[in-house]
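Student: predicted structure and sequence below. I'll ask about it afterward.
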2 protein chains.
Amino acid sequence: VGIVGAGQLARMTLEAASALGVEATVLAARRSDAAALVCPRVVHGSPDDADALAELARRCDVLTFDHEQVDPGLLVPLLAGVAVRPEPAALGLSVDKAHCRRTLRDAGIPQPVFSVLDGADPLEQADAFAAGVGWPVVLKAATGGYDGKGVWIVDGRAEAAEVIEHAGALGVTLLVEAYIDIDAELAVQVARTPTGDQVAWPVVRTVQHDGVCREVLVPAGLPAEVTTEAEEIAGRVAHVVGASGVLAVELFWGGGRVTVNEIATRPHNSGHWTIEGASCSQFENHLRGVLGLPLGETTLRAPCVASVNVFGGADGTDPADRLADALSVPGAHVHLYGKAARPGRKLGHVTVLGTDPGAVRALAWEAAGLLGTAAPYGAIAEAT
Amino acid sequence: VGIVGAGQLARMTLEAASALGVEATVLAARRSDAAALVCPRVVHGSPDDADALAELARRCDVLTFDHEQVDPGLLVPLLAGVAVRPEPAALGLSVDKAHCRRTLRDAGIPQPVFSVLDGADPLEQADAFAAGVGWPVVLKAATGGYDGKGVWIVDGRAEAAEVIEHAGALGVTLLVEAYIDIDAELAVQVARTPTGDQVAWPVVRTVQHDGVCREVLVPAGLPAEVTTEAEEIAGRVAHVVGASGVLAVELFWGGGRVTVNEIATRPHNSGHWTIEGASCSQFENHLRGVLGLPLGETTLRAPCVASVNVFGGADGTDPADRLADALSVPGAHVHLYGKAARPGRKLGHVTVLGTDPGAVRALAWEAAGLLGTAAPYGAIAEAT
């Protein structure tokens, strides 16, 4: 298998590939990329570089991705020699949020009301949209965003104008969406084979701060009808998208409805807990899915799982220097990605399994805290 | 960390190192070694090559091992620049079975009656020993053996003479041991830090055929007083050996006694089940131990675990070609080591977790069978 991109998702996929005896090659933009540090087969180059992609494709039977910063058009010439999975059409939905919204709308998937600002006067379009749904509205870059980047909540025409002008200068198409007062954010990972077999892990609750996921909690702690609906919607989305491998479906619970926020046709931060928390991890099932192998079981290994992300400290703290402290926390599964520490950079995560939701969460935050990542909320209890 | 040797134990240790963000380098005798295939930092050379060892030592802070085919004398010059863990004295016990037997005897550890055939007339010595304990007796090479190689059960003086002559020609010292009528073979993995903290995983039952371990079963299925004694003995052995990292203690249950068979100061085939079956695996705890990090919990993740080894088929079957079949078995965790298939070569293992010992064993054998490794016994039930 060849992986376009060499970040932490590729690194954790390599760990699963090693166990299965699957040979993997990564395309790395930098020698210091998380996966390039642990892989002997590296093609060096940008994901925008057709030659590098061709070289990667030449070295493998199946091509997959650790991010969606790719141009699906560059993949078309490769299709004669290599299987691209997720398939380019599915990948296109992950790359282009406007295309995704339209496709999911046409399939009847519940999502926020939206409009693509691709007319002659996007500001006028946004203003008219807001007149219908009310301010604030959400402006989103159709391409290129991640971790809250490329998303703006705007309160009125003046603010919208600023974002639209900026995006216009960069040639980026925007979407406008109705703002949803969110009670909780949820995520479901679905794994799928090229022949359409699908399995899903239980829905999780994700807790964001400043647009970045801070923790993932299983079970989601919401009424059964909400979690069932989320899982049912995610299954339908996976069917519509038709991507081999793992699909991450991020959802909102708010205004009494479950709606789809975003999708990613790859393993996702919201599924890192599956490494220890589920029988088969998202990384192994991504490999199984893209390679057309039977999918593994997604059953929980413990009633409760909490996974907390670890970031570089504002004071330059490197979690790697504090590994011993974190490993002293009973049951803390510490993952560090080998990336150079920079303030705010996502450098690892900690997962804890157990029987009590509060206890696993407290232990995961304790270990993360020892690694230099304190809960950004006033108190941990705030988000529950 | 630097690992002397690049077999499957090193490969699985690398998977744990990647997760912890620990940089690892391996010393590989061949480019096709299991761990060399998945590691970007490889020193090429034999473990007997002082220059190669020095180069590995130069590249790391802690040196450890994936086998005991090393000459502890070669490590002494390295000690100025690198921590060698297990410590050379402990490693020496793993390398030299005669030294190990004497050390454990002096510490009062129960083991078979033995004698080291290092006198002027080893045959006479063996004969006198057998006159005391009765034929058959077990002859063992003090160094170099593994997987049943270097062990001979001999029925009388003529047979013994043949082995002794052969060993003499090779310059290998032999031990003679009383033959024990074995009811079951057991193994305990113990992890230890340089400061003497120790944790142990539950005792397992190992089932051998032709001297090679075929399957590992947890729980061991023996009376509690037997398993408790085995765990207690293993803890004492670990204390005597004093090796940082994982120590595997193989034991016999036979003649109404638990006795120590062999030890290995490294992760061991009898502990592969811990990857999925325990909270912290032997590979992660080996790293934690040799790096002086706090040890992880050894609690079971399920009441029952079965792990079955996978070998190259006599007809040249490569399990890698049958991966899809094996992954269709529900709950089968398949590990393949990336090694070239040869008849009888150990190429992988399958682990299954569950609540019923018979069910997990049947599923593990089903997956192994689909990979081309059928149970070598008349029926699976034979060994239970």
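Tutor: Here it is on my side, so go on. Given the structure is predicted, the values throughout are model-derived calculations rather than measurements.
Student: quick check: A:His349 vs chain B, distance?
Tutor: Applying C-beta to the nearest C-beta, to the nearest Å, the value for A:His349 to chain B is 10 Å. C-betas here are computed from N, CA, C, even on glycine.
Student: and that residue, that one's in a strand?
Tutor: Yes - read with DSSP: H, G, I helix; E, B strand; the rest coil, A:His349 is one of the residues of a strand.
Student: quick check: beta-bridge partners of it?
Tutor: A:Asn309, A:His335 (DSSP bridges).
Student: residue contacts, the residue in the stretch 1-150 of chain A that chain B sits nearest to?
Tutor: The nearest approach of the stretch 1-150 of chain A to chain B comes at A:Gly21, 2.8 Å away (C-beta to the nearest C-beta). Applying C-beta atoms under 8 Å, 6 or more residues apart in numbering or on different chains to A:Gly21 gives the contacts B:320, B:323, B:335-338, B:348.
Student: can you check A:Leu247 too?
Tutor: Contacts of A:Leu247 by C-beta under 8 Å, 6+ apart are A:86, A:189-192, A:234, A:237-238, A:241, A:263-265.
Student: A:Pro122 contacts A:Leu174, correct?
Tutor: Yes - using C-beta atoms under 8 Å, A:Pro122 makes contact with A:Leu174 at a distance of 6.3 Å.
Student: give the buried residues for the worst-scoring helix or strand of chain A on mean pLDDT.
Tutor: Least confident helix or strand of chain A, by mean pLDDT, DSSP states H and E, is helix A:72-75 with a mean of 88. By 16 or more other C-beta atoms under 10 Å in any protein chain shown, the buried positions in helix A:72-75 come out as A:72, A:74-75.
Student: show me what it is packed up against.
Tutor: Here helix A:72-75 is seen to pack against helix A:50-58, helix A:88-95 when contacts are counted using 3 or more C-beta pairs under 8 Å, 6 or more residues apart in numbering or on different chains; DSSP states H and E.
Student: so between A:Pro122 and A:Leu174, which is more surrounded?
Tutor: Neighbours around A:Pro122 and A:Leu174, counted as other C-beta atoms under 10 Å in any protein chain shown, are more numerous at A:Leu174. The numbers are 26 against 23.
Student: can you check what pLDDT the model gives the closest residue to the more buried one other than its chain neighbours?
Tutor: Excluding its sequence neighbours, the residue lying closest to A:Leu174 (C-beta to C-beta, 6 or more residues apart in numbering or on different chains) is A:Leu117, at 4.5 Å. Predicted confidence (pLDDT) for A:Leu117: 96.
Student: doesn't A:Gly168 make contact with A:Leu117?
Tutor: No - counting by C-beta under 8 Å, no contact exists between A:Leu117 and A:Gly168, whose distance comes to 9.5 Å.
Student: more neighbours: those two, which one.
Tutor: Remark: of A:Leu117 and A:Gly168, A:Leu117 carries more neighbours, 24 against 14, as counted by other C-beta under 10 Å.
Student: could you pull up the contacting residues of the residue nearest the centre of chain A?
Tutor: Nearest to the mean C-alpha position of chain A, by C-alpha atoms, centre = their mean, lies A:His268 at 3.5 Å. By C-beta under 8 Å, 6+ apart, the residues touching A:His268 are A:9, A:187, A:189, A:246, A:248, A:250, A:282.
Student: do the same with A:His349
Tutor: A:269, A:272, A:307-310, A:335.
Student: A:Asp318 - how many residues pack around it?
Tutor: 17.
Student: one more: A:Asp325?
Tutor: A:Asp325: 18 neighbours (other C-beta under 10 Å).
Student: do the same with A:Arg102
Tutor: Using other C-beta under 10 Å, A:Arg102 has 15 neighbouring residues.
Student: can you read off the pLDDT for A:Gly148?
Tutor: 67.
Student: apologies, that question was intended for A:Ile263.
Tutor: Confidence score, pLDDT, at A:Ile263: 96.
Student: for it, give me phi and psi.
Tutor: Main-chain torsions, A:Ile263, degrees, to the nearest 10: phi -130, psi 160.
Student: ok, it touching A:Glu250?
Tutor: Yes - A:Ile263 is in contact with A:Glu250 according to C-beta under 8 Å; the separation is 7.1 Å.
Student: of these two, who's got more company?
Tutor: Taking neighbours as other C-beta under 10 Å, A:Ile263 and A:Glu250 compare with A:Ile263 leading, 28 against 20.
Student: still on that earlier bit, with distance to chain B added, can I get the contacts of A:Leu247 in JSON lines?
Tutor: Below are those laid out as JSON lines (distance: C-beta to the nearest C-beta, whole Å):
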{"residue": "A:Pro86", "distance to chain B": "20"}
{"residue": "A:Gln189", "distance to chain B": "18"}
{"residue": "A:Val190", "distance to chain B": "18"}
{"residue": "A:Ala191", "distance to chain B": "12"}
{"residue": "A:Arg192", "distance to chain B": "15"}
{"residue": "A:Ala234", "distance to chain B": "22"}
{"residue": "A:Val237", "distance to chain B": "25"}
{"residue": "A:Ala238", "distance to chain B": "20"}
{"residue": "A:Val241", "distance to chain B": "23"}
{"residue": "A:Ile263", "distance to chain B": "26"}
{"residue": "A:Ala264", "distance to chain B": "22"}
{"residue": "A:Thr265", "distance to chain B": "22"}
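Student: could you export those residues as CSV, including secondary structure?
Tutor: Putting those into CSV (three-state DSSP) gives the following:
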residue, secondary structure
A:Pro86, coil
A:Gln189, strand
A:Val190, strand
A:Ala191, strand
A:Arg192, strand
A:Ala234, helix
A:Val237, helix
A:Ala238, helix
A:Val241, helix
A:Ile263, strand
A:Ala264, strand
A:Thr265, coil
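Student: ok, of these, which one's closest to A:Ala16?
Tutor: A:Ala191 (12.1 Å; C-beta to C-beta).
Student: how many neighbours does A:Ser281 have?
Tutor: Using other C-beta under 10 Å, A:Ser281 has 27 neighbouring residues.
Student: residues in contact with it?
Tutor: A:12, A:16, A:271, A:274-275.
Student: now the residue in the stretch 201-350 of chain A that chain B sits nearest to: closest residue in space, sequence neighbours ignored.
Tutor: Nearest to chain B in the stretch 201-350 of chain A, going by C-beta to the nearest C-beta, is A:Leu336, at a distance of 2.8 Å. In this structure, A:Leu336 finds its nearest non-sequential neighbour in B:Gly21, 2.8 Å apart by C-beta to C-beta, 6+ apart.
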